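sequence-free structure coming up:
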């Protein structure tokens, strides 16, 4: 009997230890915790994701200790912008950063991005003619890359008629930079249908031609340096020493060769000549051959821009009595008809001309 007591006590003590260790005989459930970093403090997970077009940092399943804060930085790739950020499935706007404060539960953050290319109405508020140019058409624009402004000159509005004002747009505001003095002496006369291009080697905007009223077409050359206009028209004979008067022509600056290229226009008849301006003289570089085969047909109201990656001026469309949809390239020596085959409107755009659109004073920027 005496030997049984110690054995019983030993058995009971072992049973008690097992029940404490394994929960034998217990009905109360234990609360589950996620233990972080061996501290015994609960942690939670924030799932951070970003779609194509940018990144979020940190990303993935981000552990956060209970009560801590966690920040995220959202960075769009080049050519993209933050479109929206969802936190827990709810939009917090197009933010570039977000901080979770006093985290007490699992959560999520998701960033989406959009392509940065498109049209945006950035028209400023204020008074027309004071805070931004009055409504017009037939004006010209050129981008001054040295001063990072778009320069506007002239145009036409039915009420005041032809305009001779100069404005600059810095991406936020318009500024009327029209100089004082006499028109035709200190700045170009009021006109429409002129053309401008920026000469980046000499940091000037070059203006040629236009219609200054009553079919009085111009053949003058002006340059704007950001402060003043200068009449740089060379002397000599029109058509020999400089282009004949015209309007609704086009100009583009060839940065590889340092010349402004001009093609076509109208002066009672449509033109098909090619000229280049080097800052001092005009040179007639019109190639020989057959119009429509070796160079573009005579036309007006077309458009042209310089492709600096390939070193060519690209011309499209216009009007020669019919609407045109051909594409040409000028490399400084010859014109090449590069019009693609296929279906108009599917494989290339439909016929285009410059038209006298309804008069508006909204600024639409995106592609200039």
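Yes, it's here. None of the values given here were measured: they were computed from a predicted structure. Residues are numbered from 1 along each chain as shown.

When you work out contacts or count neighbours from here on, use the C-alpha atoms and nothing else.
Fine.

For burial, what's the neighbour tally of residue 226?
Around residue 226 there are 17 other residues, counting by other CA atoms under 10 Å.

start to end distance for stretch 203-221?
One end of stretch 203-221 sits 16 Å from the other (CA to CA, to the nearest Å).

Can you mark which positions in it are buried?
By 16 or more other CA atoms under 10 Å, the buried positions in stretch 203-221 come out as 203-212, 217-221.

hmm, who's touching that stretch?
Residues from elsewhere that reach stretch 203-221, judged by CA atoms under 8 Å, 6 or more residues apart in numbering: 142, 144, 146, 151, 162, 189-199, 222-226, 231-234, 238, 242-248, 267.

In helices only, show me these.
Judged by DSSP state H, helices contain none of the contacts of stretch 203-221.

List buried members of those by neighbour count.
Neighbour counting by 16+ other CA under 10 Å classes 142, 144, 151, 162, 189-199, 222-224, 226, 231, 233, 242-248, 267 among these as buried.

shouldn't residue 186 be in contact with residue 178?
No - using CA atoms under 8 Å, residue 186 makes no contact with residue 178, being 10.1 Å away.

Enumerate the helices of this structure by residue range, in sequence order.
With DSSP H as the criterion, the chain has helices at 4-22.

Give me the helix or strand of it that scores worst on average pLDDT.
In the chain, no helix or strand scores lower on mean pLDDT, DSSP states H and E than strand 364-365, which sits at a mean of 36.

what about residue 71, neighbour count?
Residue 71, neighbours per other CA under 10 Å, totals 11.

who's in contact with the residue lying closest to it once chain neighbours are set aside?
Distances taken as CA to CA, 6 or more residues apart in numbering put residue 99 closest to residue 71, at 4.1 Å, once the chain neighbours are dropped. By CA under 8 Å, 6+ apart, residue 99 lies in contact with 69, 70, 71, 72.

likewise residue 103?
By CA under 8 Å, 6+ apart, the neighbours of residue 103 are 44, 64, 65, 66, 67, 68, 69, 70.

Next up, the contacts around the residue nearest to it when sequence neighbours are not counted.
Distances taken as CA to CA, 6+ apart put residue 67 closest to residue 103, at 4.9 Å, once the chain neighbours are dropped. Neighbouring residues of residue 67 by CA under 8 Å, 6+ apart: 101, 102, 103, 104.

and what of residue 199?
205, 206, 253, 255, 258, 259, 260.

Who is the closest residue to residue 293 other than its chain neighbours paired with across the strands?
Spatial nearest neighbour of residue 293, excluding adjacent residues (CA to CA, 6+ apart): residue 337 at 7.3 Å. Beta-bridge partners for residue 337, by DSSP bridges, are residue 328.

Tell me which residues touch the nearest residue to residue 236 once chain neighbours are set aside, please.
In space, and not counting its chain neighbours, residue 236 is closest to residue 242: 7.5 Å by CA to CA, 6+ apart. Contacts for residue 242 (CA under 8 Å, 6+ apart) come out as 219, 234, 236, 281, 282, 283, 284.

mind checking pLDDT for the residue nearest to residue 71?
As predicted, residue 99 sits at a pLDDT of 98.

Can you show me the strands along the stretch 101-250 of the chain?
Ranges of strands within the stretch 101-250 of the chain are 107-115, 120-121, 140-144, 149-157, 161-169, 174-176, 195-199, 204-211, 217-224, 229-231, 250-254, based on DSSP state E, counting those that start in this stretch.
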